[in-house]
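Student: predicted model and sequence below, questions to follow.
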Amino acid sequence: MKKTDLYRFAILRFFLISILFISCSRVNKCNIESDLTPIRIAPKENFITGDYTPDMFTQEVLKEYKTIENASLNIKSDGSFEIKQVPIGTLDLDAFYEKEKIKLTDVKGNWKLVTHDSVSFLSVNLFFNEEQTHAENYGTSWQIYSKEESTVVVIPVGDPDACRAIRFIKPLTK
């Protein structure tokens with residue numbers, strides 16, 4: 001091999017390794033769930049149902065949540081849920097990349113608890129308020145965790161490799 005070929009190969013190898021470590025969350029693990037405990041077995045319904053608010057992690061990662069006072073998630077025992085006063089870009093990937101991503105919206109939907117391979121999550125269908133957005137309804141899953149005996153629902157935001165999520169936490173009831 002010529003010296004110039006070795007030089008080019010070294011540059012190419014450096015470039016590929018750099019891209020791998022910079023952009024891939026599977027290698028460069030994000031800390032969305034670093035302080036949370038995964039739910040491994042199906043929890044009781046009362047562990048899931050209730051009123052949730054965004055936690056401090058959400059306000060640090062998604063700056064627009066610092067100024068939103070009434071964002072909430074209400075998971076009901078009848079299999080429905082409501083999310084109120086969240087930026088549309090939180091739940092609509094197309095809107096996330098637009099200027100109006102911080103416009104507040106309300107979303108309703110249905111949920112079902114699923115446990116698969118020792119991981120419990122919520123399988124959800126989202127129904128957007130057509131007066132607030134033109135986003136299409138869709139289905140997805142939200143991870144369930146615990147933190148100091150509170151329930152935490154983690155909703156990914158945008159590209160998973162970007163390591164952004166809203167974390168709704170249910171305060172402890174005494």
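Tutor: On my side now, so go ahead. Residues are numbered from 1 along each chain as shown.

Student: show the subsequent helix or strand relative to the lowest-mean-pLDDT helix or strand in the chain.
Tutor: Ranked by mean pLDDT, DSSP states H and E, the helix or strand of the chain with the weakest confidence is helix 93-96, at a mean of 62. Sequence-wise, the next helix or strand downstream of helix 93-96 (DSSP states H and E) is strand 104-116.

Student: what packs against that following strand?
Tutor: Using 3 or more C-beta pairs under 8 Å, 6 or more residues apart in numbering; DSSP states H and E, the elements in contact with strand 104-116 are helix 45-48, strand 80-87, helix 88-91, strand 119-128. (Glycine included, C-beta is placed from N, CA and C.)

Student: which residues of the protein score low on pLDDT?
Tutor: Under the criterion pLDDT under 70, the flagged ranges of the chain are 1, 14-16, 18-29, 92-102, 131-135, 173-174.

Student: domain ranges for it?
Tutor: Structural domains of the chain, as assigned by automatic domain parsing, span the residue ranges 1-30, 32-170.

Student: please identify the most buried of those.
Tutor: The highest average neighbour count among these, using mean count of other C-beta atoms under 10 Å, belongs to domain 32-170 at a mean of 16.

Student: now the end-to-end length of that one.
Tutor: The first and last residues of domain 32-170 sit 17 Å apart, counting by C-alpha to C-alpha, to the nearest Å.
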